[in-house]
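Undergrad: Sharing a sequence plus its predicted fold:
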Amino acid sequence: MNPQCSRCNKIVYPTEKVNCLDKYWHKGCFSCEVCKMTLNMKNYKGFDKKPYCSQHYPKTSFTIVADTPENLRLKHQSKMQSQVLYKEDFEKNKGKGFSVVSDTPELQRVRKTQDQISNIKYHEDFEKGRMGGEGTPTDAYPNPSFQQPPQSPSYNYDPQPVRSAAAPSPASGGPVRSAAAPPPSSGGKRYRAVYDYAAADEDEVSFTDGDLILDVQQIDEGWMFGRVERTGQQGMLPANYVEAI
């Protein structure tokens with residue numbers, strides 16, 4: 001059975017049939033939708049299953065989508081899906097890069113501890129620099145084998161400290177170092193100073209290299225109590241700054 005022409009709706013016979021754009025046309029009916037120019041299989045351009053010449057071929061352009069309730073719903077749904085994907089990516093990548101850390105009490109404690117450690121390190125470096133800076137032992141003793149005196153050790157020589165009534169509190173408001181009652185002076189040993197030492201607290205004594213230290217009593221591994229023969233002062237002194245006679 002012969003089909004009908006898509007233009008004139010008449011019967012199309014095989015001798016004049018054109019099969020194009022999923023339709024059947026007479027050769028004379030296969031023309032441009034606008035200017036009616038007769039087309040062939042080489043010069044036609046199809047759009048929406050209709051033939052056009054190259055001059056009147058419809059040009060595509062962007063369309064504005066109306067904000068219908070359905071479009072608004074789809075837009076909101078897409079936005080929610082985007083947020084879900086963002087949250088999933090954030091959870092996966094959390095901890096792999098830089099992030100803002102909340103200032104919790106635990107972090108404040110860790111930061112304070114790090115500051116204290118840095119403070120201690122700074123004072124240690126300062127003491128080393130002072131021993132190696134102005135007035136170094138190498139200036140006073142040109143012997144190249146001379147070694148710098150060791151630093152004063154920290155001590156806690158009295159498990160039950162008794163605060164000295166004569167020692168006032170520092171003006172800075174810092175903690176007052178506890179001092180033990182001086183041991184009896186009888187039966188003490190004699191020591192000779194091998195380094196200069198400047199007292200760092202009120203219950204310590206200063207001395208220079210070569211001074212005799214009398215009535216020495218051992219407090220602990222790091223500190224002693226004795227009297228400097230040259231000055232007559234008595235108090236605490238570091239054990240690694242003197243040697244027994």
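TA: In hand now; what should we look at? Nothing here was measured: the structure is a model prediction, and the numbers come from that model.
Undergrad: how about Y13, phi and psi?
TA: In terms of degrees, to the nearest 10, the main-chain angles of Y13 are phi -90, psi 160.
Undergrad: Could you report the pLDDT at it?
TA: At Y13, the predicted lDDT confidence score is 88.
Undergrad: which non-adjacent residue is nearest it?
TA: Nearest non-adjacent residue to Y13, counting by C-beta to C-beta, 6 or more residues apart in numbering: N2, 5.9 Å away. No exception for glycine: its C-beta is placed from N, CA and C like everyone else's.
Undergrad: In this structure the one you found contacts P14, no?
TA: Yes. With contact defined as C-beta atoms under 8 Å, N2 and P14 form a contacting pair (7.4 Å).
Undergrad: how close does the residue nearest to Y13 get to K92?
TA: Computed as C-beta to C-beta, to the nearest Å, the N2 to K92 distance reads 66 Å.
Undergrad: now D125
TA: Counting by C-beta to C-beta, the separation of D125 from K92 is 44 Å.
Undergrad: least trustworthy helix or strand in this protein by mean pLDDT?
TA: Across the helices and strands of the chain, mean confidence by mean pLDDT, DSSP states H and E is lowest for helix 137-140: a mean of 44.
Undergrad: buried sites along stretch 217-228?
TA: Within stretch 217-228, the residues that qualify as buried are 219, 223-228, counting by 16 or more other C-beta atoms under 10 Å.
Undergrad: possible to save those residues as a markdown table with distance to D201, secondary structure and pLDDT?
TA: Rendered in a markdown table, the data for the buried residues of stretch 217-228 read as follows (distance: C-beta to C-beta, whole Å; DSSP: H, G, I helix; E, B strand; the rest coil; pLDDT from 0 to 100):
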| residue | distance to D201 | secondary structure | pLDDT |
| --- | --- | --- | --- |
| I219 | 14 | coil | 87 |
| W223 | 11 | strand | 91 |
| M224 | 15 | strand | 91 |
| F225 | 13 | strand | 93 |
| G226 | 15 | strand | 94 |
| R227 | 17 | strand | 94 |
| V228 | 16 | strand | 94 |
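Undergrad: Is it possible to get TSV of these that adds distance to F207?
TA: Below are the buried residues of stretch 217-228 laid out as TSV (distance: C-beta to C-beta, whole Å):
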residue	distance to F207
I219	17
W223	14
M224	12
F225	13
G226	9
R227	10
V228	5
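Undergrad: burial measure for K27, as a count.
TA: The criterion is other C-beta atoms under 10 Å. On that basis, K27 has 15 neighbouring residues.
Undergrad: ok, now A244?
TA: Burial measure for A244: 9 neighbouring residues, criterion other C-beta under 10 Å.
Undergrad: And Y191, by the same measure?
TA: By the other C-beta under 10 Å criterion, the neighbourhood of Y191 contains 22 residues.
Undergrad: what's the spacing between it and V12?
TA: Using C-beta to C-beta, which is the criterion applied here, Y191 is 130 Å from V12.
Undergrad: which regions of this structure sit below the pLDDT cut-off?
TA: Regions of the chain meeting the criterion pLDDT under 70 cover residues 60-66, 95-102, 130-188.
Undergrad: how does it look with 50?
TA: Across the chain, the ranges flagged by pLDDT under 50 are 134-146, 155-181, 184-186.
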